[in-house]
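Novice: The sequence and its predicted three-dimensional model are supplied below.
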Amino acid sequence: KQEVTQIPAALSVPEGENLVLNCSFTDSAIYNLQWFRQDPGKGLTSLLLIQSSQREQTSGRLNASLDKSSGRSTLYIAASQPGDSATYLCAAFNTGGFKTIFGAGTRLFVKA
Amino acid sequence: GAVVSQHPSRVICKSGTSVKIECRSLDFQATTMFWYRQFPKQSLMLMATSNEGSKATYEQGVEKDKFLINHASLTLSTLTVTSAHPEDSSFYICSAIRDREFGYTFGSGTRLTVV
């Protein structure tokens, strides 16, 4: 059974700092892994999607890596800004079907 | 890009009434749609998976008679909370997928408050 864990659960950093959010999964038979952002009371916005054959994806100040063998993915945020404050979730899409397992998220607060 | 519209965004209803939430994929045909429930400061809990033209598959512990799901077309799925009670108050989010290769697209969510 796939389990997805995100560390840390919460993070507070000063503006401008580079930071790394971690996501680990127990079953390496994933089709892809997706990172989302959720603002309070809102739906999820897709940030990056990494296929199982890829090692990383980049979008602006965001870089996500995937290491299937170790069951890990990281989301790197460069030069953090107060607008980056949100909850970040990772989700592993298993090969066995359409079910996706979500982590509990990391609540990020970037102080101005 | 893929867009999923969900409405209403907020609804307040009286205990015992039913509420319908709609989820539409605007610019793609969604082979599969999903309904999630989210409690405060917790992650998403998958409630059910719906495929167009067939019965929804509910997760263990989710009452299918309380949470009715209809996936009438490749662009529309609805969740009806029947005989709502205060404990059904929550944030409900839908998502749609065109193909696994493209990942999930989420709606903006519906805040349901039952009074």
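Specialist: Thanks, I have the structure now.
Novice: now what about the lowest-mean-pLDDT helix or strand in chain A, what contacts it?
Specialist: Least confident helix or strand of chain A, by mean pLDDT, DSSP states H and E, is strand A:100-102 with a mean of 83. Residues outside strand A:100-102 that contact it (CB atoms under 8 Å, 6 or more residues apart in numbering or on different chains): A:2-4, A:25, A:34, A:89-94, B:34, B:43-44, B:46, B:104. Just so you know, the C-beta spots here come from the backbone N, C-alpha and C atoms, and that holds for glycine as well.
Novice: Specify which member of the residues you listed is nearest to residue A:41.
Specialist: Here the nearest of the contacts of strand A:100-102 to residue A:41, counting by CB to CB, is residue B:44; it sits at 14.1 Å.
Novice: got a list of what residue B:16 touches?
Specialist: Here residue B:16 is in contact with B:83-85 (CB under 8 Å, 6+ apart).
Novice: Quick one: buried ones out of the residues you listed?
Specialist: Neighbour counting with 16 or more other CB atoms under 10 Å in any protein chain shown marks residue B:84 as buried within these.
Novice: Which helix or which strand is home to the closest residue to residue A:25 other than its chain neighbours?
Specialist: Sequence neighbours aside, residue A:92 is the residue nearest to residue A:25 in space, at 4.5 Å (criterion: CB to CB, 6 or more residues apart in numbering or on different chains). For residue A:92, the enclosing helix or strand under DSSP states H and E is strand A:86-94.
Novice: Now do that strand, average pLDDT.
Specialist: Model confidence over strand A:86-94, given as mean pLDDT, is 92.
Novice: That one packs against which elements?
Specialist: Secondary-structure packing of strand A:86-94 (3 or more CB pairs under 8 Å, 6 or more residues apart in numbering or on different chains; DSSP states H and E): strand A:4-7, strand A:19-25, strand A:30-38, strand A:72-77, strand A:100-102, strand A:106-111.
Novice: beta partners of the residue lying closest to residue B:84 once chain neighbours are set aside?
Specialist: Spatially, and ignoring its direct neighbours in sequence, residue B:84 is nearest to residue B:114 (4.5 Å; CB to CB, 6+ apart). Beta-bridge pairing for residue B:114 (DSSP bridges): residue B:13.
Novice: wait, residue B:114 sits on residue B:86?
Specialist: Yes: using CB atoms under 8 Å, residue B:114 is in contact with residue B:86, at 4.9 Å.
Novice: overlap in contacts of these two?
Specialist: Common neighbours of residue B:114 and residue B:86 (CB under 8 Å, 6+ apart) are residue B:15.
Novice: So between those two, which is more surrounded?
Specialist: Relative neighbour count places residue B:114 above the other of residue B:114 and residue B:86, with 20 against 9, counting by other CB atoms under 10 Å in any protein chain shown.
Novice: quick one: contacts for the more buried one?
Specialist: Residue B:114 touches B:12-15, B:84-89, counting by CB under 8 Å, 6+ apart.
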